[in-house]
Every structure is written in structure tokens, then in C-alpha cells.
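Asks: Here you go, sequence then predicted model.
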Amino acid sequence: MRNYNPTKRILVTGGSGFLGSHLCDRLIEQGHDVLCVDNFFTGTKHNIEHLLHHPRFELMRHDVTFPLFVEVDEIYNLACPASPIHYQHDPVQTTKTSVHGAINMLGLAKRLRAKILQASTSEVYGDPEVHPQPESYWGKVNTIGIRSCYDEGKRCAETLFFDYQRQHQLRIKVVRIFNTYGPRMHPNDGRVVSNFIMQALRGEDITIYGDGSQTRSFCYVDDLLEAMIRAMNTSDDFNGPVNIGNPVEFTMLQLAQLVIDLTGSKSKLVFNPLPSDDPKQRRPDISLAKQVLDGWEPRVNLAEGLVKTIEYFSNQV
Ligand code: NAD
Ligand code: UDP
């Protein structure tokens with residue numbers, strides 16, 4: 001499984017974002033040539049500035065909704081804003097990024113006969129009625145709500161990936177990522193982990209949406225990246241989709257309390273309205289991942305991961 005050519009040319013779209021920049025780091029460490037493509041909508045050069053002078057790293061400003069002509073062996077397609085605030089800022093562009101972006105990257109992969117991985121999401125399950133969520137669950141997604149631009153865009157991208165596989169025999173991998181956190185998240189991206197940590201560090205009120213009983217399962221970035229790279233390197237007959245995430249589930253109240261304890265903050269909890277279509281519960285069933293990703297499972301528990309993330313954000317306050 002890990003028997004792959006160490007000198008591949010690898011394209012990472014969304015490579016200057018949170019997950020993409022860590023992926024670029026890992027691929028460079030593994031000896032690959034990395035082409036990072038990003039339009040800097042939510043990503044920043046700061047995330048990859050330590051790579052800018054590396055001889056095997058190249059950065060290209062480009063919007064994946066337009067065709068791209070480059071020569072590579074593998075493509076990780078991560079370009080897409082991931083935080084609700086960011087993807088709802090320009091919802092039409094969000095759908096275009098997922099759908100046109102997938103068409104353009106799949107077209108590129110087809111021309112090059114390159115292997116391509118899609119960073120899909122637990123959002124394809126919507127507000128799930130099956131818990132925890134296995135890959136076989138088709139989801140409960142609103143087609144016309146404020147999250148639909150992201151959810152339906154990602155669902156359509158999955159469809160495109162599987163149609164390119166069936167129609168053009170493309171080598172595809174689809175991973176469904178559950179809430180992931182860690183250093184290099186945007187401090188103001190509105191996601192719950194970054195919000196709570198920044199609020200705690202600044203001594204501001206911690207904003208709980210709804211009554212805080214909704215759940216999420218948080219995966220530390222290192223665990224996620226290990227699974228993503230293993231997924232890319234599974235045998236050609238495995239396409240996915242495969243869930244990757246940490247199956248330990250927390251309420252938002254529990255998360256807030258943990259952040260307060262770890263930061264020693266005096267922040268108080270305040271309760272704000274729950275945004276519409278906010279999923280009530282989310283936890284990945286990772287049985288398939290364990291089976292196909294060489295026994296992979298998350299190693300970093302939430303408290304350990306939060307300590308590292310708090311350290312990173314402490315320098316941003
Ligand atoms: P992020 O917002 O930090 O990174 C996304 C990157 O894509 C940014 O660098 C952004 O500038 C770039 N981008 C956006 N639109 C683009 C376009 N049209 N052309 C080129 N680049 C574009 O988010 P992230 O958390 O690193 O997420 C990366 C990927 O993983 C996304 O596809 C996201 O949907 C998926 N994902 C992430 C999570 C998570 O919890 N972090 C969960 C599920 C899925
Ligand atoms: N959330 C919250 N306070 C915040 C930000 C988010 O209570 O300041 C809640 C949000 O309503 C959701 C959960 O935390 O139920 C996770 O939100 P996030 O935006 O991080 O991700 P997603 O909803 O996409 O899983």
C-alpha cells in the first residue's frame with residue numbers, strides 16, 4: 001500500500017488553506033513535487049510561506065472554476081471554502097467551486113490519466129437520521145437552504161467523480177471528511193473550534209448556538225491527513241466513498257467547557273439562535289476506513305489536539 005513512487009508530481013487544489021497546507025507539507029516531506037493551486041479566497045500565503053523557496057514546491061494563483069493545464073501524476077481536490085460563514089458569503093461561487101471545479105479537475109485527470117482524490121464531507125449526510133453515519137447512508141439534505149450551496153455542491157461533485165470513473169475509467173478516491181481542526185485554521189472563520197478558542201483566549205463570551213446539545217465529532221488534522229494520504233494510495237479498485245474523522249462525539253456545551261478548562265479562561269457562555277439547517281448530531285462510522293486504510297484510526301484525542309491548537313491561536317490573539 002505504501003509502495004508508491006516517491007517522486008510523483010502532485011497537484012493540491014486549495015493547497016494554501018487549513019488542510020491543504022498541511023497536506024503540502026506532508027507530500028514535500030515524502031519527497032514529491034507539489035504544485036499548490038489556490039485563489040486565496042479563504043487560504044493564505046502565510047500557511048505555505050515556509051515552502052515557497054523549496055525546490056520541489058510551486059505555488060500558482062488560480063480559480064478552479066476555470067480550466068487548468070498542467071502536467072501532474074496525482075490530484076488532491078481540496079479547493080472549496082469549508083466554514084459555513086465563508087461558504088455562505090458567496091453561495092453561487094461555492095457551488096461553482098465544487099461543481100465546475102470538479103469538472104475541471106476531472107477533465108485534467110482524464111487527459112493525464114492521473115489519479116484524483118475528492119475532499120468530500122460529512123455534509124453530504126445533511127441533518128442525519130441515521131447515527132452514526134455509515135457510507136451506505138444516503139443522507140437528509142435540504143436542497144434550498146443556506147447550507148445547500150455547500151452540501152449539494154459536494155454531493156454533485158461526488159456524482160461527477162463516480163460518473164468519470166464509470167464512463168472514463170478514471171482512478172478516483174472520494175473521502176468524506178468529518179469536522180477537523182488544528183493549527184492554521186483561520187482564526188475568524190466562524191467554525192466552532194476556532195470561535196471558542198479565540199473567544200476564550202480574549203476573555204469574550206463563548207457563543208453557543210441553540211442550547212448546545214447538538215453534537216459533532218472532532219478530528220485532529222494530523223490524523224485526518226494520514227487517512228487522506230492512505231486513501232489516495234489504496235489499490236485502484238477502491239474508489240470510496242470512505243468516512244474519515246474521529247468517532248468520539250461531543251456536545252457543543254462539552255466542547256465549550258473543555259476549551260474553558262484548557263485555556264483557564266474566565267469567559268462565560270452565552271446562548272445565540274441556532275442557524276437554520278444546523279445538523280443536530282454527527283459522528284462517523286469509521287469501520288470501512290479501518291478496514292481499507294491499513295488499520296488507520298485517530299490517535300489524538302480532543303484534549304491533546306485542543307492544546308496544540310490553543311498554542312497556535314495564542315500567537316494570533
Ligand atoms: P479552507 O477554507 O481553509 O481551505 C480551502 C482552500 O480552498 C482555501 O485555501 C481557499 O482559498 C481555496 N479555494 C476556495 N475556492 C477556490 C477556488 N474557486 N479556486 C481555488 N482555490 C479555492 O478549508 P479546509 O478546512 O482546509 O477544507 C479543505 C477541503 O476539505 C474543502 O474542500 C472542504 O470542503 C473539505 N472539508 C473540510 C472539513 C474540515 O473540517 N476542515 C470537513 C469536511 C470537508
Ligand atoms: N457553533 C456554536 N458556536 C459557534 C460556532 C458554531 O455553537 O460560535 C455550533 C454550530 O451551530 C454547529 C457546531 O457548532 O452546531 C459546529 O459548527 P461549525 O460551523 O464548526 O461546523 P459544522 O456545522 O459545519 O459542522
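Replies: Perfect, I can see it now. Ligands and ions are numbered 1, 2, ... in the order given.
Asks: The residue located most distally from the centre of the chain and residue 250, how far apart?
Replies: Largest separation from the mean C-alpha position in the chain: residue 266, at 31.2 Å (CA atoms, centre = their mean). To residue 250, residue 266 is 22 Å away according to CB to CB, to the nearest Å. Where you see a C-beta, it was placed from the backbone N, CA and C, and this is true even at glycine.
Asks: coming back round to it: which residues touch the residue farthest from the centre of the chain?
Replies: Shown in contact with residue 266 (CB atoms under 8 Å, 6 or more residues apart in numbering): residue 203.
Asks: what about it, which helix or strand?
Replies: For residue 266, there is no helix or strand it lies in under DSSP states H and E.
Asks: Kindly state the pLDDT recorded for it?
Replies: Per-residue confidence at residue 266 stands at 96 (pLDDT).
Asks: Enumerate the residues of the chain near ligand 2.
Replies: Within the chain, the positions near ligand 2 by CB under 6 Å from any ligand atom are 84, 179, 191-192, 195, 207-209, 214, 216, 252, 274-275, 278.
Asks: swap the cut-off to 5 Å and go again
Replies: Within reach of ligand 2 by CB under 5 Å from any ligand atom, the chain has these residues: 84, 191, 192, 195, 207, 208, 209, 214, 252, 278.
Asks: Does the third one touch residue 216 like I think?
Replies: Translated: residue 192. Yes. Under the criterion of CB atoms under 8 Å, residue 192 makes contact with residue 216 at 7.0 Å.
Asks: Any chance you could list residues touching both of these two?
Replies: In terms of CB under 8 Å, 6+ apart, residue 192 and residue 216 are both contacted by the residues 179, 252, 255.
Asks: rewinding a little: ok, which pair from the residues of the chain next to ligand 2 is furthest apart?
Replies: 84 and 208 (15.4 Å; CB to CB).
Asks: ranges for the strands of the stretch 1-150 of the chain?
Replies: For the stretch 1-150 of the chain, strands defined by DSSP state E, counting those that start in this stretch occupy the ranges 9-13, 33-38, 57-61, 74-77, 115-121.
Asks: quick one, which of the ones you listed is packed in tightest?
Replies: Most buried of those, by mean neighbour count (mean count of other CB atoms under 10 Å): strand 74-77, with a mean of 27.
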